[in-house]
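Chemist: please find the sequence and the predicted model below.
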Amino acid sequence: MLKTFKGGIHPPYNKDLTNSKPIEKATLPKKVIIPMGMHIGAPSEPIVKVGDMVKKGQKIGEAKSFVSVPVHASISGKVTAVEPRPWPGGGLMMSVVIESDGKDELDYSITPPKPLSQLSPDEIKNLIREAGITGLGGAGFPTQVKLSFPPEKNVDTIIINAAECEPYITADHRLLLERPDDVVLGIEAIMKATGIKRAFIGIEDNKLDAVESIKKTIKDKEGIEVVVLATKYPQGGEKQLIKAVTGREVPSGGLPMDAGVIVNNAGTCAAIANTLKTGLPLIERITTVTGSGIKEPKNLLIRIGTPLIDIIEQCGGFKGTPGKVLMGGPMMGLAQSTLDVPAIKGTSGLLVLEKHDLHLFEPSPCIKCARCVDACPINLLPTTIAKFAQKNMWNEAELYHAMDCVECGCCSYVCPAHIPLTQHIRIAKSHIIALRRQK
Amino acid sequence: MDDYILITTSSPHIHSGESISRIMFSVAIALLLPTFAGIYFFGFRALGLVIVTSIAAILTEAIFQRLRNKPITITDGSALVTGMLLALNLPPGLPYWMAVVGAVVAISLGKQIYGGLGANPFNPALIGRVFLMVTFTSPMTTWINPVDGTTGATPLALMKMQGIPTDYVRLFFGNVGGSLGETSAFLIIIGGLYLIYKGYVDWCIPASYLGSVAILSAILGQDPVFHLLSGGLMLGAFFMATDMVTTPLSRLGKMIFGIGAGFFTVLIRLYGGYPEGVSFSILLMNAFTPLINRFTVPKIYGEVKSR
């Protein structure tokens, strides 16, 4: 039987829009907007000023704390603004705007490092940090921090997340097909950096060609295995993936390392490999541009900081009237209010839903059908927490484990009363965090 | 590029397409099966009762919502289901006006007074039935024999008062006296399986309810097959103990609900004043539902010790 977890849903995946389309290199953007805080943790501080000429790969933001990463120029050109700008995470974020000089010149500091076999674990970790590598699955946790777990945690397993359970998104699928060597090199680097001898690559069974591709590549690699997972959302959720692959559970409130596991995205592995091979920091990524509102859906290799409007124009522009533009997939993606925001390190997809494809409902009363209970991969009672949230009963919401919600959206997806359960729980979480801070 | 406004609601941005009305109309379709049985065995009067209670239930809902200045939601199908369920629980010969009173009580006192859909603690159809039961006791316990239209006793009453059994085949297909929709175990099970297949009924409740009745009646020296097939048990187990609003959320809670209802059903059938106890048992367990919910909060992912 295929490995999986309890709960979850089977939404329409719509991956055939892009899963047979090879990764295409995007044209050089005329302008990039590079936010300083694309990662979880403290935003970096800009080290360039307006008027400076910068080169591709040059560091433009310095990380000032441990949980942070530096930020680099993704094109060569002139800095035209250093100011807070709208970014896809919502609100404003200190950003560096670079106008391209069209030359795409490499910074003099970019040279390939020593081969992996000659690098020490600390050197690898330092390379990863200096290259600004963060989790490319979406959350954007600094990768080096993930690899620097305390020894008493007895971490013995690396899981590479290639489940790609979000509907529509095919970036990792194409990566596994076209650049399996890079993914595996990245895994080897993580294994060497952490000293962990065992790595599993989790892939859903709707990507069996990717499974074959990776299996061929790891044939004579020791300690790396492919785990074929059932196709179910949110199979690629960190907690669900760990459960499916190892049978272990991340303790409530804990991190994967508390279950003896570290999880990295397949795209992150390829980014590490790219740095090992070329010395280039993380300045580009694969993103799936897709949806009913896009003329020519594609898998694009884009520079970090490319404005969304440029990306959409490269895919033939809008088809019909756009209703929603999402950074990410339809289950967890963030709806954007403007196309002037840039694609960032965590932009695995750009999904445009045509206006007529949107289904906006008025919620009706809960009929306690418990579909949300069955769908919740954490085994919460979403309807109960949402009811507390609607009555501002934050302590009760906390008692019913609101903080364990991973915001996967399954409960809202199945609710026949169209209650925005996920959103109610999200609100409860933010209030609980605020109350905890007061204490 | 044309003018457009980007909508920015929070995730998720897609929906399963499931809706309350789809659930309710599926239940109504499933209820057509026992309705057909009622028409077949008791004639078109049965159909008349179903139509009258359904219309009365829907109208009561609309009037109540109008009086409370709430949006009128009769198209969601929930009042229709209540009306149909009530009719299926009535003796085929009950005067129409009494059936209307039952439907009005079911929707008003059973549902709207608590705030409408989703807020009622008790199954509204059963509230209506029990109200009629205590108000019009004699017409509510006058049963018609399917064969000749004469009045007679239900199999449960025959067993309880005179110790006369009824054969399984008649009980299974429904050729016996009783409420108009409860007699044909055969068609009720088909309707129930349809709802289980559609995912609108959790098999846990009918399984635990029927299972506990069978086991308990066997322990007490009764014929379990007879108890499973007679009275309102099948209809109750598949269509009323499975009402989403008034039953527990978790699997474990549903099991407890079913076992509890089975326990009370056997208790009332064997030792109570009434020959049948399905309605009371389910209402009793409805009252326990909030308590059951409180004590059956599922163990969440990660409720484990750190390694």
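Modeler: Thanks, I have it.

Chemist: give me the nearest residue to residue 277, chain neighbours excluded.
Modeler: All of this refers to chain A. If the residues on either side of it in the chain are set aside, A:Lys277 comes closest to A:Pro112, at 6.4 Å by C-beta to C-beta, 6 or more residues apart in numbering or on different chains. Where C-beta positions appear, they are placed from N, C-alpha and C, glycine not excepted.

Chemist: try again with chain B
Modeler: With C-beta to C-beta, 6+ apart as the measure, B:Ile268 is the residue that lies nearest to B:Gly277, at 2.5 Å, once sequence neighbours are left out.

Chemist: so that neighbour sits right up against B:Ile282, yeah?
Modeler: No: B:Ile268 is not in contact with B:Ile282 according to C-beta atoms under 8 Å; the separation is 11.3 Å.

Chemist: which one of these two is surrounded by more residues?
Modeler: Comparing B:Ile268 with B:Ile282 by other C-beta atoms under 10 Å in any protein chain shown, the one with more neighbours is B:Ile282, at 28 against 19.

Chemist: next, that one: secondary structure please.
Modeler: Reduced to three states with DSSP: H, G, I helix; E, B strand; the rest coil, the structure at B:Ile282 is helix.

Chemist: just to revisit the earlier point, the residue nearest to B:Gly277 sits in which helix or strand?
Modeler: helix B:251-271 (DSSP states H and E).

Chemist: that helix: which residues count as buried?
Modeler: B:251-266, B:268-270 (16 or more other C-beta atoms under 10 Å in any protein chain shown).

Chemist: same question for stretch A:153-169.
Modeler: A:153, A:155, A:157-169.

Chemist: got the end-to-end distance for it?
Modeler: Using C-alpha to C-alpha, to the nearest Å, the end-to-end distance of stretch A:153-169 comes to 33 Å.

Chemist: how near is A:Lys298 to A:Leu177?
Modeler: Distance of A:Lys298 to A:Leu177, computed by C-beta to C-beta, to the nearest Å: 15 Å.

Chemist: actually A:Leu350, sorry about that
Modeler: Using C-beta to C-beta, which is the criterion applied here, A:Leu350 is 20 Å from A:Leu177.

Chemist: for those two, indicate the residue with more neighbours.
Modeler: For A:Leu350 versus A:Leu177, neighbours defined as other C-beta under 10 Å are more numerous around A:Leu350 (30 against 19).

Chemist: that's a strand at the more buried one, yeah?
Modeler: Yes: using three-state DSSP, the assignment for A:Leu350 is a strand.

Chemist: check contacts around it.
Modeler: Contacts here follow C-beta atoms under 8 Å, 6 or more residues apart in numbering or on different chains; on that basis A:Leu350 touches A:Thr287, A:Thr288, A:Val289, A:Thr290, A:Leu308, A:Ile311, A:Ile312, A:Val325, A:Leu326, A:Met327, A:Ala343.

Chemist: out of those residues, which are close to chain B?
Modeler: When the contacts of A:Leu350 are filtered against chain B using C-beta under 8 Å from any C-beta of the partner chain, the residues retained are A:Val325, A:Leu326.

Chemist: which of the contacts of A:Leu350 fall within helices?
Modeler: Assignment to helices by DSSP state H places the following of these there: A:Leu308, A:Ile311, A:Ile312.

Chemist: so how far is A:Ala171 from the nearest residue to the first one once chain neighbours are set aside?
Modeler: Take A:Leu308 and drop its neighbours on the chain: the residue closest to it by C-beta to C-beta, 6+ apart is A:Leu339, 4.5 Å away. Taking C-beta to C-beta as the measure, A:Leu339 falls 20 Å from A:Ala171.

Chemist: what pLDDT does the residue nearest to A:Lys277 get?
Modeler: On pLDDT, A:Pro112 comes in at 91.

Chemist: next: the one 3 residues further on.
Modeler: Per-residue pLDDT puts A:Pro115 at 92.

Chemist: what about stretch A:345-359, how long is it end to end?
Modeler: 29 Å.

Chemist: among the buried residues of stretch A:153-169, which lie within strands?
Modeler: With strands identified by DSSP state E, the entries of these that belong to them are A:Thr157, A:Ile158, A:Ile159, A:Ile160, A:Asn161.

Chemist: could you pull up phi and psi at the closest residue in space to A:Glu178 that isn't next to it in sequence?
Modeler: Excluding its sequence neighbours, the residue lying closest to A:Glu178 (C-beta to C-beta, 6+ apart) is A:Ile23, at 5.8 Å. Backbone torsions of A:Ile23, given as degrees, to the nearest 10, read phi -60, psi 130.

Chemist: hang on, A:Ile23 packs against A:Asp182?
Modeler: No: because the distance of 11.7 Å does not satisfy C-beta under 8 Å, A:Ile23 is recorded as not touching A:Asp182.

Chemist: of those two, which one has the most company?
Modeler: Each of A:Ile23 and A:Asp182 has its neighbours counted (other C-beta under 10 Å); A:Asp182 has more, 22 against 19.

Chemist: partners of the helix or strand bottoming out on mean pLDDT in chain B in the sheet?
Modeler: None of the helices or strands of chain B scores lower by mean pLDDT, DSSP states H and E than strand B:151-152, at a mean of 78. Sheet pairing for strand B:151-152, assigned by DSSP bridges, gives strand B:143-144 (antiparallel).

Chemist: give me the contacts around the partner strand.
Modeler: Here strand B:143-144 makes contact (C-beta under 8 Å, 6+ apart) with B:Phe42, B:Pro91, B:Pro92, B:Gly93, B:Thr150, B:Thr151, B:Gly152, B:Ala153, B:Thr154, B:Ala157, B:Gly177, B:Gly178.

Chemist: pLDDT value on the residue of chain A most remote from its centre, please?
Modeler: In chain A, the greatest distance from the average C-alpha position (C-alpha atoms, centre = their mean) is reached by A:Ile367, at 34.9 Å. For A:Ile367, the model assigns a pLDDT of 94.

Chemist: and A:Thr384, by the same measure?
Modeler: Value for A:Thr384, per-residue pLDDT: 96.

Chemist: helix or strand: which one has the closest residue to A:Thr268 other than its chain neighbours?
Modeler: The shortest distance from A:Thr268 to any non-neighbouring residue, by C-beta to C-beta, 6+ apart, is to A:Leu136 (4.8 Å). Here A:Leu136, judged by DSSP H and E, is contained in no helix and no strand.

Chemist: and the nearest residue to A:Pro86 once chain neighbours are set aside, what is it in contact with?
Modeler: Residue nearest to A:Pro86 in three dimensions, not counting chain neighbours: A:Val341, with 5.2 Å by C-beta to C-beta, 6+ apart. Contacts were defined as C-beta under 8 Å, 6+ apart; by that measure A:Val341 touches A:Ile33, A:Arg85, A:Pro86, A:Trp87, A:Pro88, A:Pro307, A:Leu308, A:Met327.

Chemist: how far away is A:Val341 from chain B?
Modeler: Taken as C-beta to the nearest C-beta, to the nearest Å, the spacing of A:Val341 relative to chain B amounts to 11 Å.

Chemist: you'd agree the residue nearest to A:Leu308 is up against A:Val325?
Modeler: Yes: with the criterion set as C-beta under 8 Å, A:Leu339 and A:Val325 qualify as a contacting pair; they are 6.6 Å apart.

Chemist: those two: which is more packed in?
Modeler: When A:Leu339 and A:Val325 are compared for neighbours, A:Val325 comes out ahead with 29 against 19, by other C-beta under 10 Å.

Chemist: break chain A into its domains for me.
Modeler: Structural domains assigned to chain A are A:111-278, A:371-438, following automatic domain parsing.

Chemist: is any part of the shortest one close to chain B?
Modeler: Yes: contact between domain A:371-438 and chain B, assessed by C-beta under 8 Å from any C-beta, occurs at A:371, A:373, A:377-381, A:383-384, A:400-401, A:404, A:407, A:409-410, A:412-418, A:420, A:422-423, A:426.

Chemist: still on that earlier bit, and the furthest pair within the contacts of A:Val341?
Modeler: Greatest spatial distance in the contacts of A:Val341: A:Arg85 and A:Met327, 15.0 Å, computed using C-beta to C-beta.

Chemist: good, wrapping up.
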